[in-house]
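Peer 1: Just the structure for this:
(one chain, ligands or ions: 1)
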Amino acid sequence: MEGREACGVFGIYSFRKDEVAPLVYNGLIAIQHRGQDSAGIATFDGKQIHLKKGMGLTSDVFSEDDLLAMKGTVGIGSVRYPTCGSSSLRDAQPFKVDLPREGLAIAHNGNLVNFTALKDELNSGGTPIISGCDSEIILKVLADELNRTEDIFQAVAKVMKRLEGAYCEVILTGRGELIAFRDPNGFRPLCFGRNEDCIIFASESVALDINDVELTEQVKPGEAILVNEKGVERRLVAKSAKRHCMFEYVYFSRPDSILDAGSVYNIRVELGKNLAKSHPANADVIIPVPDTSRPAAEGFSRESGIKVEEGLIKNRYIMRTFIMPEQSIRDDAIKKKLNPLKTILKGKRVIVIDDSIVRGTTTNKLVKLLKDAGAKEVHVRITCPPIISPCFYGIDISSHSELIAFRCNGNVEEIRKILRADSLGYQTIEGLVDAIGIGKEHLCMACLNEDYPTPGAAKIAKEMKKRSGEEIKEKKRYWEI
Ligand code: SF4
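Peer 2: Here you go, the predicted structure:
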């Protein structure tokens, strides 16, 4: 529960020429969990692109009047968490340029590994980059390619050759077209639903549900889809090498979403079952850390026969703490967010189920919270295997030295002592792969096993690991003195 989120995107084309701004708004509300820093919508009314974006939740940024004023039958939207760039309006999405194709607006989810190289290339080629955000880079690379060809698919194919990393894009043009594409590895999710009224693209299927549109299928890795007056055209424009992010299943996506591997809820139940098989514990009660861990706790309970109870009550009106960029804010928020239910915990041997441990600071506080509330023993069970390496694909796990599993060299007993838990058990890689069920060759698990699907990320990780190892050694020496 300490990780941070990528962004969420939404795009809609109304075949019936209905106003779409309220539907974009609904979609963004459904995927708000993917980013709470800023929100934005762009629509096309047949003549011009309207754009409004602002800081905060979708409901903070848009009033009813705003939505009524945003005319258009094609629209895109974004909710953002800054894994690249800053937490400021300058970096909020969608981004827009006036040319080519009478204008382009883009909403992006993911993270570019070769951001700096592309930024330098564009700046030196006379295309200034004004934000610190990779959406602007992708937009300008796409604009560059569309200046050379009228063929959208050819342009996107060229764009994919120039980008390294994770990217799911929805793009609106000043010709009233909607374009969606997904990187060849398909790190982040992107699905679509289509009926006679409209087609909707979204990071997660819950954004279709809220608009009463059935999920049709997932956008394929390396695929581009163009929607215009002629209809819907799909093409694979890059060789696909499916490597879906395992963390979407463990933690990020909503449990009621359907991703490439199927129902997130069912997969989390399986994660819980596999965890109970590999790391059983003698206990009186299973307590999930709300909300992500509930299905896994259910799975653990089905396998172990131990009952699940709500021993931690979440204050619904506190923002999810990992969203907050500063550690000091996070520490303060944890205390306010969860309240232990003493009547459930007092004198009990407790298994607490959480999705992941990044730094260890949150889990440490949780164990203390449960013990202070009267738990006799606290057995920590984690549905994700130890995170030992950073993510360069849009999840904010930014350095080795922040990771407790890296700092402790993967020594689970050492981590347990730091957490002050009575026992600690992590999911095994085999248990994770089995629960997701699409084969390890189709998953990215680089933050667990250092097997980065793209070469630039592998190279950066190697250099960072060396530096972090030296930093940690230096710190240990300092403490020894
Ligand atoms: S490195 Fe980890 S968090 Fe990042 S995309 Fe791969 S599995 Fe997901």
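Peer 1: pLDDT below threshold where in the stretch 51-200 of the chain?
Peer 2: 83-86 (pLDDT under 70).
Peer 1: For it, which residue gets nearest to the ligand?
Peer 2: residue 187 (4.9 Å; C-beta to the nearest ligand atom). The C-beta positions use only the backbone N, C-alpha and C, and glycine is treated the same way.
Peer 1: Now do the helices for the stretch 301-450 of the chain: every range, in order, please.
Peer 2: 327-337, 342-345, 361-372, 404-407, 412-419, 429-436, 446-449 (DSSP state H, counting those that start in this stretch).
Peer 1: The ligand: which of these is closest?
Peer 2: When the helices of the stretch 301-450 of the chain are ranked by proximity to the ligand, the top entry is helix 446-449, at 3.3 Å, counting by C-beta to the nearest ligand atom.
Peer 1: now what about the closest one, what contacts it?
Peer 2: With C-beta atoms under 8 Å, 6 or more residues apart in numbering as the contact definition, helix 446-449 has outside contacts at 246-247, 384-391, 393, 395, 397, 429, 432, 452-453, 457, 461.
Peer 1: which of those are close to the ligand?
Peer 2: Applying C-beta under 6 Å from any ligand atom to the contacts of helix 446-449, one finds that 246, 247, 391, 393, 395 fall near the ligand.
Peer 1: what would the residues you listed look like in TSV with neighbour count?
Peer 2: Below are those laid out as TSV (neighbours: other C-beta atoms under 10 Å):
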residue	neighbour count
246	25
247	27
391	25
393	30
395	27
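Peer 1: And the residues you listed, which is the shakiest by pLDDT?
Peer 2: Across these, the bottom pLDDT score, 90, is held by residue 395.
Peer 1: how distant is stretch 395-408 from the center of its chain?
Peer 2: 17 Å (C-alpha atoms, centre = their mean, to the nearest Å).
Peer 1: so how far does that stretch reach from one end to the other?
Peer 2: One end of stretch 395-408 to the other measures 22 Å (C-alpha to C-alpha, to the nearest Å).
Peer 1: Show me this protein divided up by domain.
Peer 2: Following automatic domain parsing, one finds the domains of the chain at 8-242, 257-480.
Peer 1: Around the ligand, which positions in the chain sit nearby?
Peer 2: 187, 245, 246, 247, 391, 393, 395, 444, 445, 446, 447.
Peer 1: Of these, which belong to strands?
Peer 2: Judged by DSSP state E, strands contain the following of these: 245, 444.
Peer 1: Do you know the pLDDT at the residue of the stretch 151-300 of the chain found nearest the ligand?
Peer 2: Nearest residue of the stretch 151-300 of the chain to the ligand, counting by C-beta to the nearest ligand atom: residue 245, 3.2 Å away. Listed pLDDT for residue 245 reads 98.
Peer 1: I'd say it and residue 397 touch.
Peer 2: No. Taking C-beta atoms under 8 Å as the definition, residue 245 is not a contact partner of residue 397, at 11.4 Å.
Peer 1: So the two - more neighbours on which side?
Peer 2: Under the neighbour definition other C-beta atoms under 10 Å, residue 245 and residue 397 were set side by side, and residue 245 has more, 29 against 23.
Peer 1: Mind putting the helices of the stretch 301-450 of the chain into TSV with mean pLDDT and mean neighbour count?
Peer 2: Shown next, in TSV, are the helices of the stretch 301-450 of the chain (pLDDT from 0 to 100; neighbours: other C-beta atoms under 10 Å):
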stretch	mean pLDDT	mean neighbour count
helix 327-337	63	15
helix 342-345	97	16
helix 361-372	94	19
helix 404-407	96	22
helix 412-419	97	16
helix 429-436	98	20
helix 446-449	98	22
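Peer 1: Tell me how many other residues crowd residue 97.
Peer 2: Residues near residue 97, counting by other C-beta under 10 Å, number 18.
Peer 1: what's the answer for the one 3 residues further on, then?
Peer 2: Under the neighbour criterion other C-beta under 10 Å, residue 100 is assigned a count of 20.
Peer 1: What is the burial count for the closest residue to it other than its chain neighbours?
Peer 2: Distance criterion C-beta to C-beta, 6 or more residues apart in numbering; nearest residue to residue 100, sequence neighbours excluded, is residue 146 at 4.6 Å. For residue 146, the count of nearby residues is 21 (other C-beta under 10 Å).
Peer 1: again with the one 3 residues further on
Peer 2: Residue 149 sits with 13 neighbouring residues when counted by other C-beta under 10 Å.
Peer 1: Now for it: which residues touch it?
Peer 2: Per C-beta under 8 Å, 6+ apart, neighbours of residue 149: 155, 158.
Peer 1: that older thread, what kind of secondary structure is the residue nearest to residue 100 in?
Peer 2: helix (DSSP: H, G, I helix; E, B strand; the rest coil).
Peer 1: OK, contacts around it?
Peer 2: 100, 101, 104, 152, 155.
Peer 1: got TSV for these, with secondary structure too?
Peer 2: Formatted as TSV, these follow (three-state DSSP):
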residue	secondary structure
100	coil
101	coil
104	strand
152	helix
155	helix
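Peer 1: So which of those residues wins on neighbours?
Peer 2: Neighbour counts for these (other C-beta under 10 Å) peak at residue 104, which has 26 neighbours.
Peer 1: where's that one relative to residue 445, distance?
Peer 2: Per C-beta to C-beta, to the nearest Å, residue 104 is found 35 Å from residue 445.
Peer 1: ditto for residue 203
Peer 2: From residue 203 to residue 445 the distance is 21 Å (C-beta to C-beta).
Peer 1: More neighbours: which of the two?
Peer 2: residue 203 (31 against 22).
Peer 1: Which residue comes closest to the more buried one once chain neighbours are left out?
Peer 2: residue 8 (4.3 Å).
Peer 1: what pLDDT does that neighbour get?
Peer 2: 97.
Peer 1: Is it in contact with residue 93, as I believe?
Peer 2: No. With contact defined as C-beta under 8 Å, residue 8 does not reach residue 93; the gap is 10.1 Å.
Peer 1: okay, and the common contacts of the two?
Peer 2: residue 78.
Peer 1: sorry, back to before: beta partners for the closest residue to the residue of the stretch 51-200 of the chain closest to the ligand other than its chain neighbours?
Peer 2: Nearest-residue entry for residue 187: residue 166, 3.6 Å, with adjacent residues in sequence omitted and distances by C-beta to C-beta, 6+ apart. Per DSSP bridges, the residues bridged to residue 166 are residue 111.
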